[in-house]
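Engineer: would you be able to build a 3D model of this:
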Amino acid sequence: MLTHYIKKGVIDIDRDRYFNFLLSTLKNAKPASGRKEVVCECYYCNDSGHHHHMYVSIPQTEDEPSLFHCFRCQTGGMVTYEKLAQ
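Structural biologist: Modelled structure (predicted):
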């Protein structure tokens, strides 16, 4: 269940599990930045095609939130349960 992954804006599982969760959940997701981010299709501007612009960060410390940013439509923010459930 997704609520186990995010707690008060902070990822509540280890990096590898969260990374694999994003790869299997997000549309056309691929590893980026040496596995510190995942790049995928943007849900806001629907950037389908060969190049995707939505980046989701993989937290590197326990208190670091997971952030997302689309370099096409400039939508961004903190990953929350509600955003993952969309």
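Engineer: going by C-alpha atoms from here, please, whenever you check contacts or count neighbours.
Structural biologist: Noted.
Engineer: nearest spatial neighbour of residue 42, skipping sequence neighbours?
Structural biologist: residue 54 (5.0 Å; CA to CA, 6 or more residues apart in numbering).
Engineer: contacting residues for that neighbour?
Structural biologist: 39-42, 68-72 (CA atoms under 8 Å, 6 or more residues apart in numbering).
Engineer: so what's it bridging to?
Structural biologist: Assessed by DSSP bridges, residue 54 has beta-bridge partners residue 40, residue 70.
Engineer: export stretch 19-35 to PDB, keeping only CA atoms.
Structural biologist: This file holds the C-alpha atoms of stretch 19-35, laid out as PDB (Å, rounded to 0.1, in the frame of the first residue of the first chain):
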ATOM      1  CA  PHE A  19      13.700   3.500  -6.500                       C
ATOM      2  CA  ASN A  20      12.300   0.200  -7.800                       C
ATOM      3  CA  PHE A  21       8.800   1.200  -6.700                       C
ATOM      4  CA  LEU A  22       9.000   4.300  -8.800                       C
ATOM      5  CA  LEU A  23      10.400   2.400 -11.800                       C
ATOM      6  CA  SER A  24       7.500   0.000 -11.700                       C
ATOM      7  CA  THR A  25       4.800   2.600 -11.000                       C
ATOM      8  CA  LEU A  26       5.600   5.700 -13.100                       C
ATOM      9  CA  LYS A  27       4.800   5.800 -16.800                       C
ATOM     10  CA  ASN A  28       7.900   5.000 -18.900                       C
ATOM     11  CA  ALA A  29      10.200   5.500 -16.000                       C
ATOM     12  CA  LYS A  30      14.000   5.100 -16.400                       C
ATOM     13  CA  PRO A  31      17.000   5.600 -14.000                       C
ATOM     14  CA  ALA A  32      18.700   9.000 -14.200                       C
ATOM     15  CA  SER A  33      21.600  10.800 -12.500                       C
ATOM     16  CA  GLY A  34      23.300   7.600 -11.300                       C
ATOM     17  CA  ARG A  35      20.200   6.200  -9.700                       C
END
